[in-house]
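Trainee: sequence unknown, structure follows:
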Ligand code: AMP
Ligand code: MG
């Protein structure tokens, strides 16, 4: 299959790209679409045959459910039911964060085919704020099921070029909407009625942080290994090994944790690229990629994370990627989650 790339950087082209994407989606094809988080591989969420093509193109196992992107907040009750006691918090959350990178897991309605949710009784929903995605989903006037546009288990793509690396020849169209403005997958939450405040379970850390969510409820503490991410039946998709580059990646706790092996060439994924952090002179790095040079800004690190990880993965002179930890707060919690999962994806022989 020939994979075409549709540009959107000037108006006549953007309009044509939107029309082409909508045409493909109406025909039941899958297309790669830009969102503010990462690029998604989209299909008409109400068409089970189209959704099956997403699983096929990604080589995604059928037990890993997809996120449903709505044309508008008003669509929510078409695909999900609002549990008693959560009406107010859901209204406030969606008013505040939609369109944006917050995904809610709610009981699904019959309109959502089982293949979208991998047979779960719940559906993950959000509204994207990417200008091109918004135009496409509004024009289609149906929800779009879209997981990240990478092959299963690999790094999420944050540019059209990265989607090409992942899915060239497997899909008809990539809509190029530029670099993603968040660069990390959406925050996923589940809500539980409780008094005096509902409980918020963060199933996947992301651009909307625990601090952002605190005013809306009590953030439930889930110990990492017992969380839903540890393959509990509630969210079988949240596997611990994920987001992996092709090369081994090791996340360090501290500079002292690193003993290079002779003959191996190491690339460093650094947080700030500052000598005083103690990582720069640990080894004769063949490559150093810096997430947020200088003062270290976590949102900037988030935007660049997958892009730089891909760069190190591609580099001909790197055998192994060594990652510095970033501060485990705010967007940093989402980056650390991805780094832990990427490093868990490999046999740890250190
Ligand atoms: P992706 O967009 O590729 O990151 O994939 C979507 C992710 O959303 C899945 O891997 C799951 O972790 C999560 N997800 C989707 N639907 C549900 C659901 N009903 N319950 C819990 N998690 C979900
Ligand atoms: Mg994914």
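Mentor: Right, received. Where do you want to start? Note that the coordinates shown come from a computational prediction; the quantities given were computed from them, not determined experimentally. Ligands and ions are numbered 1, 2, ... in the order given.
Trainee: contacting residues around the helix or strand hosting residue 139?
Mentor: Taking DSSP states H and E as the definition, residue 139 sits inside helix 131-140. Outside helix 131-140, the residues that touch it by Cβ atoms under 8 Å, 6 or more residues apart in numbering are 8, 14, 17-19, 21-22, 25-26, 33-36, 40, 42, 44, 69-72, 99, 128, 143-144, 175, 177. Just so you know, the C-beta spots here come from the backbone N, C-alpha and C atoms, and that holds for glycine as well.
Trainee: list the buried ones in it?
Mentor: By 16 or more other Cβ atoms under 10 Å, the buried positions in helix 131-140 come out as 132-137, 139-140.
Trainee: name the nearest of those residues relative to residue 248.
Mentor: Set against residue 248, the nearest of these by Cβ to Cβ is residue 133 (34.0 Å).
Trainee: that closest one and residue 270, how far apart?
Mentor: From residue 133 over to residue 270 the distance is 32 Å, taken as Cβ to Cβ, to the nearest Å.
Trainee: can you check residue 102 too?
Mentor: To residue 270, residue 102 is 29 Å away according to Cβ to Cβ.
Trainee: ok, back up a step: with pLDDT and distance to ligand 1 added, can I get the buried residues of helix 131-140 in TSV?
Mentor: Below are the buried residues of helix 131-140 laid out as TSV (pLDDT from 0 to 100; distance: Cβ to the nearest ligand atom, whole Å):
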residue	pLDDT	distance to ligand 1
132	98	18
133	98	13
134	98	18
135	98	20
136	98	17
137	98	15
139	98	22
140	98	18
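Trainee: in JSON lines, list the residues you listed along with distance to residue 328.
Mentor: Converted to JSON lines, the buried residues of helix 131-140 look like this (distance: Cβ to Cβ, whole Å):
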{"residue": "132", "distance to residue 328": "33"}
{"residue": "133", "distance to residue 328": "30"}
{"residue": "134", "distance to residue 328": "33"}
{"residue": "135", "distance to residue 328": "37"}
{"residue": "136", "distance to residue 328": "36"}
{"residue": "137", "distance to residue 328": "34"}
{"residue": "139", "distance to residue 328": "41"}
{"residue": "140", "distance to residue 328": "39"}
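Trainee: where are the low-confidence patches of the protein?
Mentor: 222-242, 345-350 (pLDDT under 70).
Trainee: and the most centrally placed residue in it, how close does it get to ligand 1?
Mentor: Nearest residue to the geometric centre of the chain (Cα atoms, centre = their mean): residue 185, 2.2 Å. Going from residue 185 to ligand 1 by Cβ to the nearest ligand atom, to the nearest Å gives 5 Å.
Trainee: surely that residue is in a helix?
Mentor: No: under the criterion used here (DSSP: H, G, I helix; E, B strand; the rest coil), residue 185 is coil, not part of a helix.
Trainee: now do the same contact list for it.
Mentor: Contacts of residue 185 by Cβ under 8 Å, 6+ apart are 37-38, 148, 156, 204, 206, 334.
Trainee: which of those sit farthest apart?
Mentor: 148 and 334 (13.7 Å).
Trainee: for the host helix or strand of residue 116, buried residues please.
Mentor: Assessed by DSSP H and E, residue 116 sits inside helix 114-117. The neighbour-count check on helix 114-117 (16+ other Cβ under 10 Å) flags 115-117 as buried.
Trainee: good, we can wrap up now.
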